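Undergrad: Could you look at this predicted model? Sequence included:
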Amino acid sequence: MDINQLRCFVAVGKELHFGRAAQSMEMMPASLSRFIRLLEEDLGVRLLNRSTRNVSLTAEGALFFDEAGKLIDQFDALALRFKGGLKDERRTLRIGAIDSAARGLVPALLNLFVPRHPLSDIHIIEDKTLNLIPKLKSGWLDMIIIRAPQRMDASLALRFITRESCVLAVPLTHPLAEKAQVTVADFQHEAMIIPDRRTRPHSHDLTISLFKQAGLTPHIAQYAEEKQTILSLVSAGLGLAVVPASYRTMNSDSVRYIALTLPEQIKGLPLSIAWQKGNEDPLLREMLRLLHDHRQELIDRL
């Protein structure tokens, strides 16, 4: 069954005459009759009563006529909508972001984007870099904000944004909680909650490097994968954690976040945006333009 067979059947159903229906379809009557016969064979049901003088709809044909007409209208509307490149229609931009970007950069970027494109639909997916890259490559996402791996797929474009600053998360009752700023020397003997390297390699390596640069070895109390788990372990007094500064509003009733001084060799957690090369979607291009033109303003909000 295809759309042309439906059109032929609906034409006959309206005219109840093969000659007039064929004329309206600009077809030969024999060709029109063949289309309808193929449709009936495909469905396994007779749609028309035929005689030498009359054509009428069977009971099944009458039901099918109504539904076929609706389907043709939907098909034509869909074709018309996309032939114009979705002009003046709602468009969707699908954005993937790691947790810290979803809390900090993405809301700030959308504050710039949405007033300029009020008819756009924005879908946000929060996930780890490890999971976001395959979704971008497959086309499920239009752009992702990630911590870029050392090797990036050649089909993807990548633009560095900034390096996120970090803070030290401690329980509210911890002696360090009263400090405004700390260095690694202040917590060198403390138990640490470390992100799992497989899923959060940059955060893991930053904590390890922080101790290594100071000639120290961290006392690792626990490895954890999810941000909420890390902060819950800190809240429970099981250790301290170095986390992105964007976490500062999370678990604020039980966790204190202290500004962390990093050595010059450690510059924070890298944040980049990636998209498929050759993607000329207007909404994507506008998002990239806003990110470029307002980069410093957006960074200052992190």
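TA: Arrived safely.

Undergrad: Which stretches in the stretch 1-150 of the chain count as helices?
TA: Ranges of helices in the stretch 1-150 of the chain, per DSSP state H, counting those that start in this stretch, are 3-15, 18-25, 29-43, 59-83, 99-103, 105-113, 129-138.

Undergrad: List the contacts of the second one.
TA: Under the contact criterion Cβ atoms under 8 Å, 6 or more residues apart in numbering, helix 18-25 has outside partners 7-8, 11-12, 14-15, 28-29, 31-33, 55. Placement of C-beta: from N, CA and C, glycine included.

Undergrad: Looking at the helices of the stretch 1-150 of the chain, which is nearest to A177?
TA: helix 99-103 (22.1 Å; Cβ to Cβ).

Undergrad: tell me the mean pLDDT over the closest one?
TA: Taken as a whole, helix 99-103 has a mean pLDDT of 89.

Undergrad: helices and strands around it, which ones?
TA: Using 3 or more Cβ pairs under 8 Å, 6 or more residues apart in numbering; DSSP states H and E as the contact test, the elements touching helix 99-103 are strand 121-126, strand 269-276.

Undergrad: chain center to that helix, what's the gap?
TA: 13 Å (Cα atoms, centre = their mean, to the nearest Å).

Undergrad: Ok, stretch 151-168 next?
TA: 17 Å.

Undergrad: Tell me which of the helices and strands packed on helix 99-103 sits most buried.
TA: Most buried of these, by mean neighbour count (mean count of other Cβ atoms under 10 Å): strand 269-276, with a mean of 20.

Undergrad: so how far is that one from its chain's centroid?
TA: 14 Å.

Undergrad: One more: stretch 152-171?
TA: The offset between the C-alpha centroid of stretch 152-171 and the centroid of the whole chain comes to 17 Å, using Cα atoms, centre = their mean.

Undergrad: Can you list the buried residues in that stretch?
TA: 156, 161-164, 166-171 (16 or more other Cβ atoms under 10 Å).

Undergrad: which residues of the stretch 1-150 of the chain score low on pLDDT?
TA: Residue ranges of the stretch 1-150 of the chain with pLDDT under 70: 81, 83-90.

Undergrad: ok, 50 please
TA: Applying pLDDT under 50 to the stretch 1-150 of the chain picks out residues 88.

Undergrad: just the stretch 151-300 of the chain next, same as before
TA: For the stretch 151-300 of the chain, applying pLDDT under 50 flags no range at all.

Undergrad: can you map out the helices along it?
TA: Under the criterion DSSP H, counting those that start in this stretch, the stretch 151-300 of the chain carries helices at the ranges 201-213, 227-235, 282-293, 295-300.

Undergrad: if I look at R147, how far off is V255?
TA: 22 Å (Cβ to Cβ, to the nearest Å).
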